[in-house]
Structures are given as C-alpha cells and as structure tokens.
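Trainee: quick one, structure for this:
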Amino acid sequence: MRMLAVLGDYYHDARLLRKALDRVLYSLRDQETIEQITIDYLGPKQLDDASFEEVDLIIIASENRINPEEEQVEKWMTEKIAKKIHQFVENGGGFLAWHSGFACYDGVETYLDMLKGSFDYHPEKHVEVTYHIEDDLFLNKNIQDFSFIDEHYFMHCDQDQTNVFLTSASEYGEQVAGWYHELGEGKVCCVVPAHTEEGLLHDSTGEILNGSIEWLIKE
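Mentor: Numbers count the residues shown, from 1 in each chain. Just a heads-up that it's a prediction; the model follows:
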C-alpha cells in the first residue's frame, strides 16, 4: 500500500498533521487492515512531477496559497495538477481531502468538481465544536458525538452529488463536516476536522480518519 501526502501550509503545522496521520497509520497496521504501508510526504509543488504509478491513495491537507500574507499571493494547484489527480482517481485511486485541503482552491474547477465541496470561511474565534456521525455504516465504527475547541469551518457541499456522513455544530450554527463518493473507478472522501492540536489528536478524529482511509483503500 503506497500513499502520497501533502500536509501543512502557512497556517497549518505540517509536523502536527503528520503526527496525527502517523497515529492513524499505526492503528491501521495494528488492526491488520494494511500489512505494509509506504507513505511519501511531498511539498505541494512536487505533485506536478510526482509519479502516481503504484500509488493507492493521495492525501491533501494543505491550502492552495503558498504565501498568504504577502501582497502577491502565489497558488500551487494548477488545472494541470488537478486533472492529473482527477485522472488518478477515475482510474481507481483513492483521494482524501483533509481540513485545509479545501481552502482557497477557487478557480481550480477540476479539483472542486472532484471534491463536490469547498471551504467558505471560519469565524475568527475558536469555539467548542461538536461533531455528529450521520452515517455509521460508512465508517463501520461506533463513534459517539464528540467535542473540542477548534475553528468551526463553514463549507460549501453539493449534497446532491455526494454522501454526508459527518456534521458539526457550534454557537455559530451547523455545518457539513464530512462526505464521500465514488468517481469513475476510484473514491473521494472529504474530512473537515481539525485545526488545533487537541482536535487533531482527539481519538474520535483519529477514528474518522481511520475509517475514511479504510473505505478509500477497500477494493
């Protein structure tokens, strides 16, 4: 099982995201879901030249802006890269968009069409966000409602074109927080939480990522 992952950006700590993902991969090994896992951590610009041969899953948890605080903002996701990923999924690959993997991809229509959703905004204040599993059969895990202090991501999601399995709620309202669908011969899963260390390392966040990856790699 080979994976490629692009984690982290200006606002999101790559080391923390990797720590959270590594915990999930260890659990997958422990439960013998995957006997061997090879994962390559890439910078976003490396996707253009990366070979997707013998790759089973691509994970993106990185927003599209490389230098968001500068006057001239540079973005890394081109239509060329998006079409390359889209073709990979259509040919049978798995794709996981995670947290900042939805942010600032406006204009990259191939990528947004693949996800069936995008990030709109989050209130500046961190608040208690409660997550609720809407589709137990998708994850095949008994995850009760759970909460932690975090950014509350507000999302656009074309719910007629996908399957919502996770929602979120806070003092700011309710939102879609996770969905999944097939694309050609492959699969796409979108997981919104989390930003803070508390949220990323929360056991239930790990279980959601665990179940999502299991579904993505299941033949």
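Trainee: so where does Leu112 fall, helix or strand?
Mentor: Assessed by DSSP states H and E, Leu112 sits inside helix 109-115.
Trainee: which secondary structure elements does that helix sit against?
Mentor: helix 79-90, strand 186-191 (3 or more C-beta pairs under 8 Å, 6 or more residues apart in numbering; DSSP states H and E). Yep, even glycine has a C-beta here, placed from its N, CA and C like the rest.
Trainee: turn these into CSV, including mean neighbour count, mean pLDDT and distance to Asp49.
Mentor: Shown next, in CSV, are those (neighbours: other C-beta atoms under 10 Å; pLDDT from 0 to 100; distance: least, C-beta to C-beta, whole Å):
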stretch, mean neighbour count, mean pLDDT, distance to Asp49
helix 79-90, 17, 97, 10
strand 186-191, 24, 98, 21
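Trainee: could you give me the average pLDDT of the longest strand along the chain?
Mentor: Taking DSSP state E as the criterion, the chain has its longest strand at strand 173-183. The average of the pLDDT scores along strand 173-183 is 98.
Trainee: what of stretch 100-117?
Mentor: 97.
Trainee: cool, and stretch 148-167?
Mentor: What stretch 148-167 shows for mean pLDDT is 97.
Trainee: end to end on that stretch, go ahead and measure it.
Mentor: 14 Å (C-alpha to C-alpha, to the nearest Å).
Trainee: next one: stretch 139-150
Mentor: Termini of stretch 139-150 sit 23 Å apart (C-alpha to C-alpha).
Trainee: what's the closest non-adjacent residue to Phe119?
Mentor: Excluding the flanking residues, the one nearest Phe119 by C-beta to C-beta, 6 or more residues apart in numbering is Phe102, at 4.0 Å.
Trainee: count the neighbours of the one you found for me.
Mentor: By other C-beta atoms under 10 Å, the residues close to Phe102 number 26.
Trainee: pLDDT at the residue lying farthest from the centre of the chain, what is it?
Mentor: The centre of the chain is farthest from one residue, Glu71, which by C-alpha atoms, centre = their mean lies 27.9 Å away. Here the pLDDT value assigned to Glu71 is 95.
Trainee: now do Gln31
Mentor: 68.
Trainee: any chance you could map the strands in this structure?
Mentor: 2-7, 38-41, 57-61, 94-98, 117-121, 127-133, 146-150, 154-157, 163-170, 173-183, 186-191.
Trainee: helices or strands up against the third one?
Mentor: Using 3+ C-beta pairs under 8 Å, 6+ apart as the contact definition, the elements that strand 57-61 packs against are strand 2-7, helix 14-30, strand 94-98, helix 203-217.
Trainee: so how far is the first one off the chain centroid?
Mentor: Here strand 2-7 is found 11 Å from its chain centre; the criterion is C-alpha atoms, centre = their mean, to the nearest Å.
Trainee: which outside residues touch stretch 30-50?
Mentor: 1-7, 9, 14, 18, 25, 28-29, 62, 66, 76-78, 80-81, 84-85, 214, 217 (C-beta atoms under 8 Å, 6 or more residues apart in numbering).
Trainee: using PDB, write out the CA atom coordinates for that stretch.
Mentor: Written as PDB, here are the backbone C-alpha positions of stretch 30-50 (Å, rounded to 0.1, in the frame of the first residue of the first chain):
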ATOM      1  CA  ASP A  30      -2.200  -2.800  14.400                       C
ATOM      2  CA  GLN A  31      -5.600  -3.900  13.200                       C
ATOM      3  CA  GLU A  32      -4.000  -5.600  10.200                       C
ATOM      4  CA  THR A  33      -6.100  -3.500   7.800                       C
ATOM      5  CA  ILE A  34      -2.900  -2.900   5.900                       C
ATOM      6  CA  GLU A  35       0.100  -5.200   6.200                       C
ATOM      7  CA  GLN A  36       2.600  -2.800   4.700                       C
ATOM      8  CA  ILE A  37       2.300   1.000   4.300                       C
ATOM      9  CA  THR A  38       4.700   3.200   2.400                       C
ATOM     10  CA  ILE A  39       4.000   6.900   2.600                       C
ATOM     11  CA  ASP A  40       5.800   9.700   0.800                       C
ATOM     12  CA  TYR A  41       5.400  13.200   2.300                       C
ATOM     13  CA  LEU A  42       5.700  15.800  -0.600                       C
ATOM     14  CA  GLY A  43       5.700  19.500  -0.900                       C
ATOM     15  CA  PRO A  44       2.700  20.800  -2.900                       C
ATOM     16  CA  LYS A  45       4.800  21.800  -5.900                       C
ATOM     17  CA  GLN A  46       6.200  18.200  -6.100                       C
ATOM     18  CA  LEU A  47       2.900  16.800  -7.200                       C
ATOM     19  CA  ASP A  48       3.400  18.200 -10.700                       C
ATOM     20  CA  ASP A  49       6.400  15.900 -11.300                       C
ATOM     21  CA  ALA A  50       5.400  13.000  -9.000                       C
END
